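Participant: give me a model of this one.
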Amino acid sequence: MEEPIRAGSTPEYPCETGAYPRPMPRFTAWIAVALAALAIGAAAVGLVIAGGAYTPPPAGLPDVGALVGWGVPVLRVILDVLSIATVGWLMAATVLDPSSRNGVISNAGRRDLVRAAGFALAWAVAAMIEALLTLADVLGIPLSDALAPEVVGTYASDIPTVRALVVMAILAVVVSVGCILTSSTGASAGWLIVALVAVALPALGGHASGLGDHALALSAGVAHVVAAVLWIGGVVALAVHAVSRDIPFARAVQRFSPFALASIVLVALSGLGNAYARLDYVGQLVTTPYGQLVIVKTLIIISLAIIGWIIRRTVISRLGDRSGVLAFARVAGIELAIMALAVGLGVALAQSPIPRALTDLPSYGESLLGYRYPLEPTFTSVVASIHIDPLFFTLCVVAAALYLAGAIRLARRQDHWPVMRTVSWLLGVFVVMWCTNSGLVEYASVSVTFHMVQHMTLAMLAPILLVLGAPATLALRALSPAHGNERGPREWLVWLLHSKITGFLTNPFFVLFLYVTTLYGLYLTPAFGWLMGSHVGHIGMTVHFIASGYLFYWVLIGIDPRPKPLPYWARLLMLLVGMAVHAFLAVVLMMSSQPLAPEWYGIVRPSWVTDPLADSLTGGQVAWALAEIPGLIVLIAIAMQWARSDDRESKRRDRAADRDGDHELDAYNARLAAYAKRDARDVGDGS
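Facilitator: Numbers count the residues shown, from 1 in each chain. Below is the predicted model:
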């Protein structure tokens with residue numbers, strides 16, 4: 001039985017054989033070099049097959065040179081390998097390595113964070129070099145010309161891929177420094193999230209930015225990259241730990257299994273989405289080199305899934321002894337070699353021309369949208385039609401499924417959970433899904449009126465329903481406490497609910513500041529039009545509407561625990577301030593003499609929007625009207641919670657009185673009698 005870990009200690013765990021092996025930094029570096037070499041070879045072959053390899057242009061045409069032509073894909077492979085290693089070691093330190101229940105990392109976790117810091121620093125350097133190579137490649141000039149200060153200063157910020165690589169480098173440096181200063185699993189989890197954000201940045205450009213179906217192309221691309229990096233990085237970390245045997249290995253594999261399964265599914269589904277967005281028809285999988293590479297990569301993913309199944313069936317049961325761990329290391333080595341081939345082919349596909357013919361839309365505005373203008377709105381076209389957004393559709397399905405799984409678990413163990421909370425959560429998820437996957441999405445992109453309908457519903461109605469569902473309370477009751485000295489999912493949730501981060505996010509002054517500044521900063525500045533012109537910006541707005549609304553109503557009517565709940569009178573005051581702020585903005589919009597966001601809605605304008613100014617004024621009226629109804633609902637909810645709180649306090653006092661004969665009231669009366677006697681004595685002395 002393990003000894004308890006004291007707060008502030010950094011425990012060290014023996015390996016399965018009972019020894020304390022030394023760290024193996026050189027072995028880790030050699031694994032990265034071997035994977036990079038294999039991936040580069042696969043990328044080179046794939047580029048030649050798919051027609052994306054560098055070839056010198058005819059005489060007289062601009063030539064970037066072989067250094068740039070081959071350097072861009074080769075360095076892209078190196079970037080992927082370094083990001084995989086960084087994410088893998090961060091994942092090991094956060095999830096796989098042992099730690100104390102209060103989140104202090106072990107010595108193994110500290111070594112993994114140092115490894116992550118080293119790889120992140122190398123990742124940052126490689127990203128900056130890749131940015132310069134990409135700048136030369138996009139401009140069609142040799143690298144020596146691209147390095148000129150006037151060229152970098154003029155064009156670097158205008159090319160999306162170059163911007164993404166520069167931001168990636170900055171984030172990688174932040175991750176590297178953060179890993180050195182980190183001593184807890186909570187902080188390492190934060191750096192893991194930052195690293196995943198950096199990984200996803202280049203996927204937001206490339207082929208996806210030029211395809212008609214922006215939503216599918218971007219969502220599938222980001223999901224594919226993030227899932228693959230988590231999956232491969234976790235296998236890398238496990239393979240190294242299997243050889244060094246410096247952590248409880250069976251437990252680490254057991255923890256990684258759910259991540260691996262989810263990553264495999266996500267990689268497969270997002271791969272299908274990528275293929276669909278880049279091919280005109282299924283036959284191109286066979287008739288085009290690009291499609292043939294897609295088939296090869298698909299077969300590789302299937303083989304990796306089979307290897308994972310073999311590991312689960314034959315190796316995991318033997319992880320308690322040395323032979324089983326070494327068997328895992330051998331199989332994981334084969335798995336990593338195949339993964340390196342997949343990484344190389346992925347780079348080749350990203351750098352090669354796609355078979356899909358880009359269709360020119362009738363107008364410039366429609367080309368910005370990526371689809372034809374919707375017809376004049378009707379009830380059916382707005383409410384009942386479908387416009388699937390893969391990201392929000394998937395998130396809504398997962399949110400509903402997880403909540404139902406928790407409610408079912410409580411029901412099976414005969415633990416009561418209010419039905420209306422389940423109904424409220426599902427209604428909230430349905431509202432979010434309708435706002436992001438119905439015809440409203442198409443109309444909100446071309447009309448301020450419908451945008452306000454979407455905004456008000458996402459920010460003021462859906463969060464109320466979601467907050468009343470009390471998802472954190474359900475999770476705390478459904479999840480089982482972790483065994484031993486380490487954090488499990490329930491402990492992570494408890495830590496998050498009571499962390500300084502949550503305390504800051506639920507501070508009423510911060511919530512009001514976020515609510516006011518972002519609302520006015522969005523609609524009274526050019527930020528609104530700029531965000532509408534970017535699919536990523538549009539996703540950011542949607543997420544912000546939901547998140548800010550959830551924080552606002554969590555503070556006001558939230559059932560879930562939070563660091564410092566407000567008294568009910570303060571909640572009422574906060575609600576009134578929020579309603580007043582929202583109403584004033586609606587008045588400003590209704591009194592405006594200029595249409596809202598003309599840099600977007602003035603360009604993306606269907607024929608049935610005859611007067612942009614009238615459309616903006618109607619949007620202000622919608623903002624006014626739809627803000628009142630949720631405010632009334634919340635006002636009633638606060639009043640009911642206040643009344644129930646008073647009832648509970650009265651019942652508590654009654655029970656206390658029954659237990660001790662109303663000792664509290666007797667003490668209060670005795671204190672009043674003493675005051676009266678003292679006053680009488682003072683009056684007598686004065687006379």
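Participant: you'd agree residue 103 is up against residue 189?
Facilitator: No - distance between residue 103 and residue 189: 9.2 Å, which falls outside the contact criterion (Cβ atoms under 8 Å). Any C-beta I mention is one placed from the backbone N, CA and C, and that applies to glycine too.
Participant: against residue 43, how distant is residue 76?
Facilitator: Computed as Cβ to Cβ, to the nearest Å, the residue 76 to residue 43 distance reads 8 Å.
Participant: quickly list the domain ranges of this protein.
Facilitator: Annotated domains of the chain cover 35-351, 384-479+493-658 [automatic domain parsing].
Participant: quick one: the shortest one to chain centroid distance?
Facilitator: Domain 384-479+493-658 has its C-alpha centroid displaced from the chain centroid by 18 Å (Cα atoms, centre = their mean, to the nearest Å).
Participant: average pLDDT for that domain?
Facilitator: For domain 384-479+493-658, mean pLDDT is 87.
Participant: before we move on, what about the longest one?
Facilitator: What domain 35-351 shows for mean pLDDT is 85.
Participant: distance between the ends of it?
Facilitator: By Cα to Cα, to the nearest Å, the extent of domain 35-351 from end to end equals 20 Å.
Participant: now for residue 82, how many residues are close by?
Facilitator: Neighbourhood size, residue 82 [other Cβ atoms under 10 Å]: 23.
Participant: quick one: stretch 351-361 to chain centroid distance?
Facilitator: Put simply, stretch 351-361 sits 29 Å off its chain's centre (Cα atoms, centre = their mean).
Participant: start and end of that stretch, how far apart?
Facilitator: Taking Cα to Cα, stretch 351-361 runs 25 Å from one end to the other.
Participant: ok, residues contacting that stretch?
Facilitator: Stretch 351-361 is contacted by residues 43, 46-47, 50-52, 72-73, 76, 207, 210-212, 277-280, 284, 288-291, 293, 367, 369, 371-372 when judged by Cβ atoms under 8 Å, 6 or more residues apart in numbering.
Participant: pull out the buried residues from it.
Facilitator: 351, 352, 354, 355, 356, 361 (16 or more other Cβ atoms under 10 Å).
Participant: and which of those residues is nearest residue 602?
Facilitator: Of all the buried residues of stretch 351-361, residue 602 sits closest to residue 361, with 17.8 Å by Cβ to Cβ.
Participant: what values do phi and psi take at that closest one?
Facilitator: Residue 361 adopts backbone torsions of phi -90, psi 160, taken as degrees, to the nearest 10.
Participant: before we move on, the earlier item: and residue 76 and residue 43? which has more neighbours close in?
Facilitator: When neighbours are counted by other Cβ under 10 Å, residue 76 and residue 43 differ, and residue 43 comes out ahead with 29 against 26.
Participant: what helix or strand is that one on?
Facilitator: For residue 43, the host element (DSSP states H and E) is helix 25-50.
Participant: and that helix, what does it pack against?
Facilitator: Judged by 3 or more Cβ pairs under 8 Å, 6 or more residues apart in numbering; DSSP states H and E, the packing partners of helix 25-50 are helix 66-91, helix 107-139, helix 214-244, helix 289-310, helix 322-351.
Participant: just to revisit the earlier point, which of the contacts of stretch 351-361 are buried? Put it as a PyMOL command.
Facilitator: Buried residues among the contacts of stretch 351-361 (16+ other Cβ under 10 Å), as a PyMOL selection:
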select buried, resi 43+46+47+50+52+72+73+76+207+211+212+277+278+279+284+288+289+290+291+293+369
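Participant: could I get the helices and strands packed on helix 25-50 in TSV, plus columns for distance to residue 200?
Facilitator: TSV is the format used below for these (distance: least, Cβ to Cβ, whole Å):
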stretch	distance to residue 200
helix 66-91	10
helix 107-139	13
helix 214-244	5
helix 289-310	19
helix 322-351	14
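Participant: tell me which of the ones you listed lies nearest to residue 395.
Facilitator: Closest to residue 395 of the helices and strands packed on helix 25-50, according to Cβ to Cβ: helix 214-244, at 10.2 Å.
Participant: surely residue 616 is in contact with residue 588?
Facilitator: No - between residue 616 and residue 588 there is no contact under Cβ under 8 Å: 11.1 Å.
Participant: look at those two and report which has more neighbours.
Facilitator: Higher neighbour count among residue 616 and residue 588: residue 616, with 24 against 14, using other Cβ under 10 Å.
Participant: now do the contacts for the more buried one.
Facilitator: Under the criterion of Cβ under 8 Å, 6+ apart, the neighbours of residue 616 are 448, 589, 592, 594, 595, 596, 601.
Participant: residue 462: which of the residues you listed is nearest?
Facilitator: Using Cβ to Cβ, residue 448 comes nearest to residue 462 of these, at 20.2 Å.
Participant: for the closest one, give me its contacts.
Facilitator: 595, 596, 597, 601, 612, 615, 616, 618, 619 are the contacts of residue 448 under Cβ under 8 Å, 6+ apart.
Participant: now with 10 Å, please.
Facilitator: Each residue near residue 448 by Cβ atoms under 10 Å, 6 or more residues apart in numbering is listed here: 455, 523, 528, 589, 595-597, 600-601, 609, 612-620, 622-623.
Participant: what separation is there between the nearest residue to it once chain neighbours are set aside and residue 277?
Facilitator: Distance criterion Cβ to Cβ, 6 or more residues apart in numbering; nearest residue to residue 448, sequence neighbours excluded, is residue 619 at 3.8 Å. From residue 619 over to residue 277 the distance is 32 Å, taken as Cβ to Cβ.
Participant: and for residue 108?
Facilitator: Distance check for residue 108 against residue 277: by Cβ to Cβ, it reads 42 Å.
Participant: one more: residue 385?
Facilitator: Residue 385 is 21 Å from residue 277, by Cβ to Cβ.
Participant: coming back round to it: need the overlap of contacts for residue 103 and residue 189.
Facilitator: Counting by Cβ under 10 Å, 6+ apart, the contacts common to residue 103 and residue 189 are 94, 492, 495.
Participant: from residue 400, how far out is the second one?
Facilitator: When distance is defined by Cβ to Cβ, residue 492 is 22 Å away from residue 400.
Participant: which one of the helices and strands packed on helix 25-50 lies nearest to residue 574?
Facilitator: With Cβ to Cβ, the closest approach to residue 574 among the helices and strands packed on helix 25-50 belongs to helix 214-244: 35.5 Å.
Participant: starting at the chain centroid, how far to the closest one?
Facilitator: 14 Å.
Participant: C-terminal to that helix, what's the next element?
Facilitator: Following helix 214-244 in sequence order, the next helix or strand is helix 249-278 (DSSP H and E).
Participant: give me the buried positions along that next one.
Facilitator: 249-253, 255-256, 259-260, 263-264, 266-271, 273-275, 277-278.
Participant: how about stretch 507-527?
Facilitator: For stretch 507-527, burial by neighbour count (16+ other Cβ under 10 Å) applies to 507, 508, 511, 512, 514, 515, 516, 519, 522, 523.
Participant: what does stretch 623-631 give?
Facilitator: By neighbour count on 16+ other Cβ under 10 Å, the buried set for stretch 623-631 is 623, 624, 626, 627, 630, 631.
Participant: what residues are up against the fourth one?
Facilitator: Spelled out, it's residue 627. Neighbouring residues of residue 627 by Cβ under 10 Å, 6+ apart: 452, 456, 459, 460, 578, 579, 581, 582, 583, 585, 586.
Participant: helix or strand: which one has it?
Facilitator: For residue 627, the enclosing helix or strand under DSSP H and E is helix 612-660.
Participant: number of nearby residues for the closest residue to residue 272 other than its chain neighbours?
Facilitator: What sits nearest to residue 272 in space, not counting adjacent residues and going by Cβ to Cβ, 6+ apart, is residue 220, at 7.9 Å. When neighbours are counted by other Cβ under 10 Å, residue 220 registers 26.
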